[in-house]
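J.: Starting from these lines, generate the structure:
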Amino acid sequence: MTAQRTPGQGMPCEERRDLIAGTARAKGHVWVADLVRELGVSRMTIHRDLQRLDAQGRIRRIRSGAAAAA
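T.: From the prediction side, this is the model:
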């Protein structure tokens, strides 16, 4: 039996950030709590990812999450 890995664990950070930005574009917004649960990484990891994506202009940080960049 092989251990199942959650989607975010072991995923390269740029791949995870691409996934986050793509989800924000598709849905219009993403929530930190949902990303933590879906990707299986810590809240701090998500916050760092959102900070980097915002600095790159790929998303816009909002309270408790992020919105698609305008």
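J.: Which parts of the protein are helices?
T.: In the chain, the segments counted as helices under DSSP state H are 13-27, 32-39, 43-55.
J.: Give the rounded mean pLDDT of the last one.
T.: To tie it back to what came earlier, the one meant is helix 43-55. What helix 43-55 shows for mean pLDDT is 97.
J.: Against which helices or strands is it packed?
T.: Here helix 43-55 is seen to pack against helix 13-27, helix 32-39, strand 59-62, strand 65-68 when contacts are counted using 3 or more Cβ pairs under 8 Å, 6 or more residues apart in numbering; DSSP states H and E. The C-beta positions use only the backbone N, C-alpha and C, and glycine is treated the same way.
J.: Apply 6 Å and report the result again.
T.: Based on contacts counted as 3 or more Cβ pairs under 6 Å, 6 or more residues apart in numbering; DSSP states H and E, the elements that helix 43-55 packs against are helix 13-27, helix 32-39, strand 59-62.
J.: And the second one, by the same measure?
T.: Counting contacts by 3+ Cβ pairs under 6 Å, 6+ apart, helix 32-39 is packed against helix 43-55.
J.: can you check the longest one too?
T.: The helices and strands touching helix 13-27, judged by 3+ Cβ pairs under 6 Å, 6+ apart, are helix 43-55, strand 65-68.
J.: Looking at that helix now, give me its mean pLDDT.
T.: The model assigns helix 13-27 a mean pLDDT of 96.
J.: before we move on, what about the shortest one?
T.: Averaging pLDDT along helix 32-39 gives 96.
J.: Thanks a lot, catch you later.
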